[in-house]
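Visitor: Predicted coordinates and the sequence they were generated for:
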Amino acid sequence: MLNEKPKKCLVCGELFTPHKYAHANSKYCSRKCRRKAQHYNKLEENRNRNRLWYQKNKESKIQKNKEYRKQNKELFNWYHNKERFNGLKDKILKRDHYKCKICGSDKKLSVHHIDGNNHESENPNNSISNLITLCSSCHHKLHWWQRKNRQMTSIQDIVRTMAKSIEANRND
C-alpha cells in the first residue's frame, strides 16, 4: 500500500496516493471531490430522466399547447399583439437592448408598467418613460414585492430594490 503509485483524481485531476485505510481502487483525492462526482452523476441522471420524459411526452405537450391556444385564442392574440403598448413594446425592448433591466437576462422578456397603470386601468400609462423591460422571473418577483411592500415609481427605485433583494437571496 505504501509503495503504490499516485493516481489521478477523476474530478480535479490532481495526483494523489490513496490513504492507507482507503479502498485500493480510490478514484478521488478527497471527500470533496467524491461528493462533487456524486452530485454531477445525480445531475446527469436527472437530465437523462428529463430527456426521456420529454421524448415520451413531446407530442402530447405540443397537442395540449395547440388546444390551449385554440381555446384561449383571444387571450393569446391579445398578449402577442404588437399594438398592446400603443406599438411601443418593440421600442422598449430595443431601448433596453433586449435585456432585463434588473438581472441582465435575455430570456422570456416582458414589458412592465412602472406606475402600475396598465391595460386594466381606466387610463393606461403607456409612455416610454413608464415602461421597462423585465424577464419573467424578475417581473414576478417585482409584483410580489409590490403587493407585499409598496408601489415603486421609478426605474432606479425598481432596479435598486430588486438588486438588493436578489443579493440578499444569494447571501442566504
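Guide: Received the coordinates, thanks. Numbers count the residues shown, from 1 in each chain.
Visitor: Distance of the residue nearest in space to the middle of the chain relative to Trp144?
Guide: Residue closest to the mean C-alpha point of the chain, counted by C-alpha atoms, centre = their mean, is Ser137 at 6.3 Å. Distance, Ser137 to Trp144, using C-beta to C-beta, to the nearest Å: 11 Å. (C-beta placed from N, C-alpha, C; glycine too.)
Visitor: Check Asp115 too.
Guide: Distance of Asp115 to Trp144, computed by C-beta to C-beta: 18 Å.
Visitor: correct me, but Pro124 touches Leu131?
Guide: No. The pair formed by Pro124 and Leu131 falls short of the contact definition of C-beta atoms under 8 Å, at 10.7 Å.
Visitor: For the strand or helix carrying the residue nearest to the centre of the chain, could you pull out the residues that count as buried?
Guide: Assessed by DSSP states H and E, Ser137 sits inside helix 136-148. Buried residues in helix 136-148, counted by 16 or more other C-beta atoms under 10 Å: Cys138, His139, Lys141, Leu142, Trp145.
Visitor: Pull the most distant pair out of these.
Guide: His139 and Trp145 (10.8 Å; C-beta to C-beta).
Visitor: any idea where the helices of the chain begin and end?
Guide: For the chain, applying DSSP state H gives helices covering 31-71, 73-79, 89-95, 136-148, 155-171.
Visitor: of those helices, which approaches Gly104 most closely?
Guide: For those, distance to Gly104 was read as C-beta to C-beta. The smallest value, 9.9 Å, belongs to helix 136-148.
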